[in-house]
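Colleague: Quick one, what's the 3D model for this:
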Amino acid sequence: LDIPAVTLEAGDIVDVFAIGGANGYDLQIASVTGFNLTTATVNVAHFAPFAMGAENTSVSVYLNGEEAIPDFLFGDIAAGVELPVGDYLVEIIPTGSMTAAISDTFTLDDMQYTLAALGDGSNQGLELAALVDETVPMTDSAKLRIAHMAPWAAGDALVDVCVDGTTSPLLPNLAYKDFTDPYLQLAPGNYDLLIAVAGTSCGSVALDIPAGTLEAGDIVDVFAIGGAN
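Modeller: Just a heads-up that it's a prediction; the model follows:
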């Protein structure tokens, strides 16, 4: 039985009861006072290429003043972090520094989120982005979200999402920080996509996404990152 993570404050009075485990009942916990049983699930991502060399992008992620993820490098993802619902101060502090490079506050409900550090500090400013993840599958199709989080240029940094071998974009003029909302609903099958510089009829390929097969019920997130430093 894994009891959900919880923060105890001075003066709290908490009761936790372990119940179940017999006659077909799952082991579970109940609480009469003081224990929040509702959790949010957060996928934390470091998508901010703010320095040359991955080793120089090391940061620590702090939640409400406590270090939660140390030595977090560009491209790293900490998936499935469970947190009690509530308000959080999120700070991104470069390794060796005492000053937050990014700081923001978020309210987490009992949903799944992707929380990503973005920007390179030059083309695009450093910031945090919070996306609500889709978690309910469909029985006859797949769901796909594509997000443009690559600070490869200043301004909108427009790109087109294309099917490989075509000249008409599937998703034209996707600006930096844009993402498909709602998720694309696609029939099961093989897909070969690429990201091209906008307005080039899919000819100036910036990123060739590996071909993949989507099955009914799949929920897939694709993030375009990098392109700076």
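Colleague: among the helices and strands of the protein, which has the poorest mean pLDDT?
Modeller: Scoring the helices and strands of the chain by mean pLDDT, DSSP states H and E places strand 28-30 at the bottom, with a mean of 81.
Colleague: List of residues touching it?
Modeller: By CB atoms under 8 Å, 6 or more residues apart in numbering, the surrounding residues in contact with strand 28-30 are 1, 3, 4, 16, 17, 18, 19, 20, 35, 37. Just so you know, the C-beta spots here come from the backbone N, C-alpha and C atoms, and that holds for glycine as well.
Colleague: go with 7 Å
Modeller: Under the contact criterion CB atoms under 7 Å, 6 or more residues apart in numbering, strand 28-30 has outside partners 1, 3, 16, 17, 18, 19, 20, 37.
Colleague: Ok, stretch 103-121 next?
Modeller: 38-50, 83, 85-92, 102, 124-133, 135, 149, 151, 177, 228-229.
Colleague: Need the distance between the two termini of it.
Modeller: One end of stretch 103-121 sits 14 Å from the other (CA to CA, to the nearest Å).
Colleague: strands paired with the least confident helix or strand of the chain, and their directions?
Modeller: Here strand 28-30 has these sheet partners by DSSP bridges: strand 17-19 (antiparallel).
Colleague: Can you show me the helices along this structure?
Modeller: For the chain, no helices are identified by DSSP state H.
Colleague: give me the low-pLDDT residue ranges for the chain?
Modeller: Residue ranges of the chain with pLDDT under 70: 5, 34-37.
Colleague: returning to that earlier point: weed out the non-buried ones from the contacts of stretch 103-121.
Modeller: 39-50, 83, 88, 90-92, 102, 124, 126-129, 131, 149, 151, 177, 228-229 (16 or more other CB atoms under 10 Å).
Colleague: how close does the residue positioned nearest the centre of the chain get to residue 202?
Modeller: Nearest to the mean C-alpha position of the chain, by CA atoms, centre = their mean, lies residue 114 at 2.6 Å. Applying CB to CB, to the nearest Å, one obtains 27 Å for the distance of residue 114 from residue 202.
Colleague: which non-adjacent residue is nearest residue 44?
Modeller: residue 78 (4.4 Å; CB to CB, 6 or more residues apart in numbering).
Colleague: From residue 42, how far out is that neighbour?
Modeller: Counting by CB to CB, the gap from residue 78 to residue 42 is 8 Å.
Colleague: what's residue 88 in contact with, if anything?
Modeller: 63, 64, 105, 106, 108.
Colleague: Just the ones of the residues you listed in strands?
Modeller: 63, 105, 106, 108 (DSSP state E).
Colleague: Drop anything exposed from those.
Modeller: Among the ones in strands among the contacts of residue 88, the ones that count as buried by 16+ other CB under 10 Å are 63, 106, 108.
Colleague: Quick check: the gap between the closest residue to the first one other than its chain neighbours and residue 70.
Modeller: Spelled out, it's residue 63. Among residues not flanking residue 63 along the chain, residue 88 sits closest, at 5.5 Å (CB to CB, 6+ apart). Separation of residue 88 from residue 70 (CB to CB): 18 Å.
Colleague: Check residue 59 too.
Modeller: Between residue 59 and residue 70 the computed distance is 9 Å (CB to CB).
Colleague: who has more neighbours, these two?
Modeller: residue 59 (26 against 12; other CB atoms under 10 Å).
Colleague: who are the neighbours in contact with that one?
Modeller: 46, 72, 92, 93, 94, 95.
Colleague: Tell me what it is bridged to.
Modeller: Beta bridges link residue 59 to residue 72, residue 94, judged by DSSP bridges.
Colleague: now the least confident helix or strand of the chain, how far from the chain's geometric center?
Modeller: Distance, stretch centre to chain centre, for strand 28-30: 29 Å (CA atoms, centre = their mean, to the nearest Å).
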